[in-house]
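> here is a sequence together with a model predicted from it:
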Amino acid sequence: MNECFISQYTAKIGEDVRNLRLLKGFSRQTLCELARISMNALRHLECGGQANVETLVRVIYALDKISWLSSLSPQISINPLDMPGGKPRIRGRKLKKNCQPKWLTKKDLTKIKNIYKKASNKTKKTGIIYVVDHIVPILGKNVSGLHVSWNLRIITKVENDKKSNIF
């Protein structure tokens, strides 16, 4: 199983939840009250961390995006006894951490954090959602990039949604 792939989509779901929450003008506290979940549960979900299915469903319901659930619910049921055995899953890893070289210095890590802060500040300042994009995608079809400062750029979410992972 490709941990980068899993982490990428976990992070994407979390980012989409966060962006929708911000577009609706909800604070984290407000959404937690509406969804009847803890603040930590929402933080884990929005950061692409480990969140359970019930938390996701509660948040989607509170954000009035029940249509999102139709793409998650399976149409065909499978008997778990018929499924081939697989490797045990590795928990708690995130895409960016898995695709981030171990040789990065603290200065490099600070540069990465600053890029994300700039994107967040730009969103707050303009009201347009800005995201950090990998110039060479982490999960490209032909080549995979790294999570390093020189492979990051700030673009609008709309622009990011239009492009694909092709480099």
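Good, I have the coordinates.

> switch to C-alpha atoms for all contacts and neighbour counts from now on
Fine.

> quick one: the strands in the chain?
Using DSSP state E, the strands of the chain run over 130-134, 152-156.

> which of these comes out lowest on mean pLDDT?
Among the strands of the chain, strand 130-134 carries the lowest mean pLDDT, a mean of 87.

> direction included, what does that one pair up with?
In the sheet, strand 130-134 lines up against strand 152-156 (antiparallel) (DSSP bridges).

> what sits up against the strand it pairs with?
Residues from elsewhere that reach strand 152-156 (C-alpha atoms under 8 Å, 6 or more residues apart in numbering): 115, 119, 128, 129, 130, 131, 132, 133, 134, 135.

> give me that answer again for 6 Å
Residues from elsewhere that reach strand 152-156 (C-alpha atoms under 6 Å, 6 or more residues apart in numbering): 129, 130, 131, 132, 133, 134, 135.

> not counting sequence-adjacent ones, nearest residue to the first one?
Same thing as residue 129. In space, residue 129 comes closest to residue 123 once its chain neighbours are excluded; the distance is 4.9 Å by C-alpha to C-alpha, 6 or more residues apart in numbering.

> ok, that neighbour touching residue 117?
No. Here residue 123 does not reach residue 117: they are 9.8 Å apart, not a contact under C-alpha atoms under 6 Å.
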